[in-house]
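Peer 1: next come a sequence and a model predicted from it.
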Amino acid sequence: MVEAELSDTKARIQHFVAVKKEQHHVITLILKVEHDEHSFSNGLEGFTHLQTLLFEINISCPVLPVPDVSSLSTMLKEYLNGIQPATPPEYRAPVVTNLIAQAAASAPAKPLSVHDANVVSDIFSSLQEFEEATRTQQGHAKLYNFLDRTTAEDVIDFWADEWVV
């Protein structure tokens, strides 16, 4: 390729990718072109040259090698049908058991065990219900029933000095 053609090719590729950044781009490379003095004699050589060019200008864009012009439409349709729409990452709330584990008078030096935090999250439907249970006889009975005595007292002591708003 002549340097002027290479420079023009780089500019066209950069413009192509910059036009609509939010859309999916693909470059199709026809490997066998009849009667074209500018094409590579070997399709693989042209493909490799294009990949190198994209790397040099720091553009990440898939290249779809197409054997010949007659198969362009079919291959492009197959490629586009295979593209899955990008799904936004799901928001994951922090695991409530991590917070529950810190709801002990001995925490942070000795938080509740993973097992005890899971037990608490299973017997109370919310953090508020858990806190309220530490203030009632019925709640104390539940804690003593499902946790060992020392752990239950540790949890009750943690919430003793908290203010209800």
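Peer 2: Arrived safely, thanks for sending.

Peer 1: can you pull out the low-pLDDT segments for this structure?
Peer 2: The chain contains residues with pLDDT under 70 at 1-4, 20-23, 33-42, 84-86, 89-95, 162-165.

Peer 1: for it, just list every one of the strands.
Peer 2: Applying DSSP state E to the chain gives strands spanning 27-30, 63-66.

Peer 1: what residues sit buried inside the first one?
Peer 2: Put plainly, it is strand 27-30. Within strand 27-30, the residues scored as buried using 16 or more other C-beta atoms under 10 Å are 27, 30. C-beta here means a position set from N, CA and C on the backbone, and glycine is covered the same way.

Peer 1: and for the last one?
Peer 2: Taking 16+ other C-beta under 10 Å as the basis for neighbour counts, the residues of strand 63-66 that come out buried are residue 66.

Peer 1: thinking again about what came up before, and the strands of the chain: which comes nearest residue 130?
Peer 2: Among the strands of the chain, the nearest to residue 130 by C-beta to C-beta is strand 63-66 (55.9 Å).

Peer 1: restrict the closest one to CA atoms and write it as PDB.
Peer 2: Provided in PDB are the C-alpha atoms of strand 63-66 (Å, rounded to 0.1, in the frame of the first residue of the first chain):
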ATOM      1  CA  VAL A  63     -13.100  -7.400  11.300                       C
ATOM      2  CA  LEU A  64     -15.300  -9.800   9.400                       C
ATOM      3  CA  PRO A  65     -13.400 -11.600   6.600                       C
ATOM      4  CA  VAL A  66     -15.700 -12.300   3.700                       C
END
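
Peer 1: understood, closing this out.
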